[in-house]
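> need coordinates for the below:
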Amino acid sequence: MLAFELLESGHKVSIVSSKEIPSSSKVAAGLFNPVVFKRLVPSWRAHEFIPILKHKYTYLEDLLRAKFLYSVPLSKLIETQNELELWLKKKGNDELKMFVKDDIEKVHISGIDQELQMGGIEEAGYVDLKAFLDAAFIYFQKNATVVQEDFDFSQLSLVTGNPEYRGIEYDALIFCEGYHVHQNPYFSFLPFKPVNGDVLTLKIPSYQYAKCFNKNFFLLPLHDGNYRLGATYNWSNLVFETNDDAKNELLSRVQQYIKGEITVVQHEAGVRPSSNDRRPILGAHPQQKNIYIFNGLGAKGVMLAPYFAQQLAAHITQGKTIEKEVSVERYYRLQQSL
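You can find the predicted model right below:
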């Protein structure tokens, strides 16, 4: 997303990225949901981020001649009296009116043998990240320089002031490494709190529901007829390898409701690059001012990336200010104490 912003502002871009390095973006469900269900409040600044998200991905669909943005309403299962009372109490709040439907629906879903009580959420959906990344890669091959390799820090020189990599001088170097930032000698001081997660792609012949079913899981209908089931959260098992316990946990959750045959088409795992305060981290290194970071988008990367890529690009190219809440400057003291 950041590379698109820089190219659109007329700058030349070189991308160094290895296909061999695992990335959470390659396996994430790409779901965007404007509401935090536990407290039934809007997700952080969802009113700002959702319109920008839709505008940007729609623009990129036209630019890349690919389809990857899908609007999918979300249905929250309401089972207890406390859940019902919370929903009825908060649904009319001004901050939720844009997202929460007024009526609670009683629905019968093919594949589930009981009537369910559902609260509806609008302005939700998903980005097919594989389709997006594949189309973006083709575009960058034609409009930028793409180097398919691991970034080699031994080839980075800062003697001239501007970063020089493999003998080529650049105005700026931006690290967008996700979880792998812990191996970066310039930004490893930052307090990331990464979290592992597993997600399944399922085939469920008996089940048909055009909305994203949410309880203590999400079951997202895909455009190809399959469903994405997710996701687990594990703060200790920080690997990109799938976990059978996680798979069985997810299946047991959904099998409380769906009794028919379920086939696991694909099982994937990633590590979300979350920060300790759950806010993105962007901006310049405290000493090396032409070296930047764009990271910490966590589980909401699809929703946050369009807005903050635009902000960081404007900071680098026009000197515009980065919001304090997301600026890397809030952590400068940690680097200075080392």
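
> now do the same contact list for the spatially most central residue of the chain.
Centroid-nearest residue in the chain: residue 301, 2.5 Å away (criterion: CA atoms, centre = their mean). Listed by CB atoms under 8 Å, 6 or more residues apart in numbering, the contact partners of residue 301 are 24, 25, 28. (Glycine included, C-beta is placed from N, CA and C.)

> helix, strand or coil for it?
Here residue 301 is recorded as helix under DSSP: H, G, I helix; E, B strand; the rest coil.

> if we can go back for a sec, which one of the contacts of residue 301 is nearest residue 162?
For the contacts of residue 301, the minimum distance to residue 162 (CB to CB) is 28.4 Å, reached by residue 25.

> show me how the protein divides into domains.
2-24+130-193+276-336, 195-272 (automatic domain parsing).

> closest one to residue 98 among those domains?
domain 2-24+130-193+276-336 (14.4 Å).

> report the buried members of the contacts of residue 301.
With neighbours counted by 16 or more other CB atoms under 10 Å, the contacts of residue 301 contain buried members at 24, 25, 28.

> which members of those residues occur in strands, if any?
Secondary structure defined by DSSP state E assigns none of these to strands.

> and for the nearest residue to residue 155 once chain neighbours are set aside, the neighbour number?
In space, and not counting its chain neighbours, residue 155 is closest to residue 166: 4.9 Å by CB to CB, 6 or more residues apart in numbering. By other CB atoms under 10 Å, 12 other residues sit near residue 166.

> before we move on, what about residue 120?
Neighbours of residue 120 (other CB under 10 Å): 19.

> coming back round to it: need the contacts of residue 301 in CSV (columns: distance to residue 162 and pLDDT).
Below are those laid out as CSV (distance: CB to CB, whole Å; pLDDT from 0 to 100):
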residue, distance to residue 162, pLDDT
24, 31, 88
25, 28, 90
28, 34, 92
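
> in a markdown table: these, plus distance to residue 95.
Shown next, in a markdown table, are the contacts of residue 301 (distance: CB to CB, whole Å):
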| residue | distance to residue 95 |
| --- | --- |
| 24 | 29 |
| 25 | 29 |
| 28 | 27 |
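
> for residue 65, state which of the residues you listed is nearest.
residue 25 (20.8 Å).

> before we move on, back to that, list phi and psi for the residue nearest to residue 155.
Backbone torsions for residue 166, taken as degrees, to the nearest 10, come to phi 50, psi 40.

> now swap in the one 3 residues further on and tell me
Dihedral angles of residue 169 (phi, psi; degrees, to the nearest 10) stand at phi -90, psi 140.

> now it. Nearest residue, chain neighbours left out?
Using CB to CB, 6+ apart, the nearest residue to residue 169 is residue 162, at 5.2 Å.

> ok, and for stretch 92-103, which residues are buried?
Under the neighbour-count criterion of 16+ other CB under 10 Å, stretch 92-103 has 96, 99, 100 buried.

> wait, stretch 312-320
Neighbour-count burial for stretch 312-320 [16+ other CB under 10 Å]: 312, 313, 315, 316.
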